[in-house]
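Engineer: Sequence isn't available, so here's the structure alone:
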């Protein structure tokens, strides 16, 4: 049973990794990257590395994605554009 | 009169150009000599009968087909490079020893020593924490220093541009520059606006932020007992800070965490780290018995220096990651 879940997670990981590079929309890419990190954290737990799992969940799925969103917003690639985005 | 002025002008012209004196009876033709038949005219590029040289033909061909050729070549080379690198990496992975095998080269006497005597020697129940903060503390110190240096560089870079902008604005305003000198100008690009009607975000934040904060503190303080440690706990704390800044605005975070706090905390934490580890390096290298008690394994006050070191690393990481976010989104911490 555990083996099947592990295989499913690994296949999902590969699909995510390919989808990140294939996706046209940058916002989608970042969200897929987030889910990649989340699945990776679960896999770390299954590999009995809880330290890495905590770090992966906090840094990979949390802080890195937030910084990516911020960068996308800076370069104006974040879907809906806001009106206060004017140079002072 | 006219002729005289012309002669003077001509001699002046000759003097400037550097020619010798002209003959007195020089006749200057009014119009250029007419085209003689059967002479070779200079080549006109746009003439109908112009025969393109080989180089010009090559240039024309490149203008029409060059980009296409280049992109085809580029994609071909990139696909080739990808295939080569992927096959190399896969071949390397195929050559790796099997996962979890006990005869792997990683299972040597070092890991046996860590597993068997790590708890007794470091006083930490979590062997990983004992490893990275006691046996390999020098590496962790370097990592913390790198992170802190990166944060300070970003702070200097973005902070300097912000101050220059403020100075320019004040210089344009002119007379009131002395009055507003201490007051910082508004950030040039304000990306996040605090919207008061965001009830969902604020409600979720008010429920989840204390839990995340507490989780971060637990991970940091229990670093020597349970999985986790300074880095992961600090990252969790920084996500709590980012959530607070998003839900309640940066002013709320400013009330307890600003640039001065960040610099002070990080420098102090690094100094404490360096001094304590310097002490243990010194005693370890010179066979002096360290006065720091190890404690009993499993207690919260055990593991010698690991608990304060974890707290130091956690503070640095939390401040740095939140600092990155605040700098990139707001322009200041």
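Structural biologist: Everything's here; your move. Bear in mind the structure is a predicted one, so any value in this text is a computation, not a measurement. Residues are numbered from 1 along each chain as shown, chains lettered A, B, ... in the order given.
Engineer: so residue B:240 makes contact with residue B:217?
Structural biologist: No. Counting by Cβ atoms under 8 Å, residue B:240 stays clear of residue B:217, with 9.7 Å between them. C-beta coordinates here come from the backbone N, C-alpha and C atoms, glycine included.
Engineer: ok, and the closest non-adjacent residue to the most centrally placed residue in chain A?
Structural biologist: Most central in chain A under Cα atoms, centre = their mean is residue A:34, positioned 1.6 Å from the mean C-alpha point. Closest residue in space to residue A:34, ignoring its immediate chain neighbours: residue A:65 at 4.6 Å, by Cβ to Cβ, 6 or more residues apart in numbering or on different chains.
Engineer: For burial, what's the neighbour tally of the one you found?
Structural biologist: By the criterion of other Cβ atoms under 10 Å in any protein chain shown, residue A:65 has 17 neighbours.
Engineer: Please pull out the lowest mean pLDDT helix or strand from the chain.
Structural biologist: In the absence of a named chain, this looks at chain A. Every helix and strand in chain A was compared by mean pLDDT, DSSP states H and E; the lowest is helix A:64-74, with a mean of 87.
Engineer: hmm, I had chain B in mind actually
Structural biologist: Per mean pLDDT, DSSP H and E, helix B:137-173 ranks last in chain B, at a mean of 73.
Engineer: Can you show me the helices along the stretch 151-300 of chain B?
Structural biologist: B:199-221, B:230-248, B:250-254, B:259-285 (DSSP state H, counting those that start in this stretch).
Engineer: what do you get for chain A?
Structural biologist: A:2-22, A:26-46, A:50-55, A:64-74 (DSSP state H).
Engineer: and among those helices, the most buried is which?
Structural biologist: Among the helices of chain A, helix A:50-55 has the highest mean neighbour count (mean count of other Cβ atoms under 10 Å in any protein chain shown), at a mean of 20.
Engineer: mean confidence for that one?
Structural biologist: If you average the pLDDT over helix A:50-55, you get 89.
Engineer: Which stretch among the helices of chain A approaches residue B:71 most closely?
Structural biologist: Residue B:71 lies closest, by Cβ to Cβ, to one member of those: helix A:2-22, at 18.6 Å.
Engineer: Quick one: low-confidence residue ranges for chain B.
Structural biologist: For chain B, the stretches with pLDDT under 70 are B:1, B:19-52, B:160-197, B:331-333.
Engineer: and the longest helix for it?
Structural biologist: Across chain B, the longest stretch assigned as helix under DSSP H is helix B:54-95.
Engineer: ok now that one, how far from the chain's centre?
Structural biologist: Remark: helix B:54-95 is offset 30 Å from the chain centroid, using Cα atoms, centre = their mean, to the nearest Å.
Engineer: could the helices of chain A go into TSV alongside distance to residue B:314?
Structural biologist: Shown next, in TSV, are those (distance: least, Cβ to Cβ, whole Å):
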stretch	distance to residue B:314
helix A:2-22	29
helix A:26-46	19
helix A:50-55	12
helix A:64-74	18
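Engineer: still on that earlier bit, which of residue B:240 and residue B:217 has more residues huddled nearby?
Structural biologist: Counted by other Cβ under 10 Å, residue B:240 and residue B:217 do not tie: residue B:240 has more neighbours, with 23 against 16.
Engineer: Next, the contact list for the more buried one, please.
Structural biologist: Residue B:240 sits next to B:209, B:212-213, B:216 when contact means Cβ atoms under 8 Å, 6 or more residues apart in numbering or on different chains.
Engineer: Chain neighbours aside, what residue packs nearest to it?
Structural biologist: Among residues not flanking residue B:240 along the chain, residue B:212 sits closest, at 4.2 Å (Cβ to Cβ, 6+ apart).
Engineer: for residue A:12, same thing?
Structural biologist: Sequence neighbours aside, residue A:39 is the residue nearest to residue A:12 in space, at 5.5 Å (criterion: Cβ to Cβ, 6+ apart).
Engineer: Give me the distance between the one you found and chain B.
Structural biologist: 18 Å (Cβ to the nearest Cβ, to the nearest Å).
Engineer: ok, that residue touching residue A:15?
Structural biologist: No. Here residue A:39 does not reach residue A:15: they are 9.8 Å apart, not a contact under Cβ under 8 Å.
Engineer: What are the phi and psi values at residue B:249?
Structural biologist: Residue B:249 adopts backbone torsions of phi 90, psi 160, taken as degrees, to the nearest 10.
Engineer: and it, how many neighbours?
Structural biologist: A total of 16 residues lie near residue B:249 under the criterion other Cβ under 10 Å.
Engineer: Please tell me how far it sits from residue B:201.
Structural biologist: Distance of residue B:249 to residue B:201, computed by Cβ to Cβ, to the nearest Å: 11 Å.
Engineer: highest average neighbour count across the helices of the stretch 151-300 of chain B?
Structural biologist: Among the helices of the stretch 151-300 of chain B, helix B:230-248 has the highest mean neighbour count (mean count of other Cβ under 10 Å), at a mean of 24.
Engineer: And it, how far out from the chain middle?
Structural biologist: Distance, stretch centre to chain centre, for helix B:230-248: 20 Å (Cα atoms, centre = their mean).
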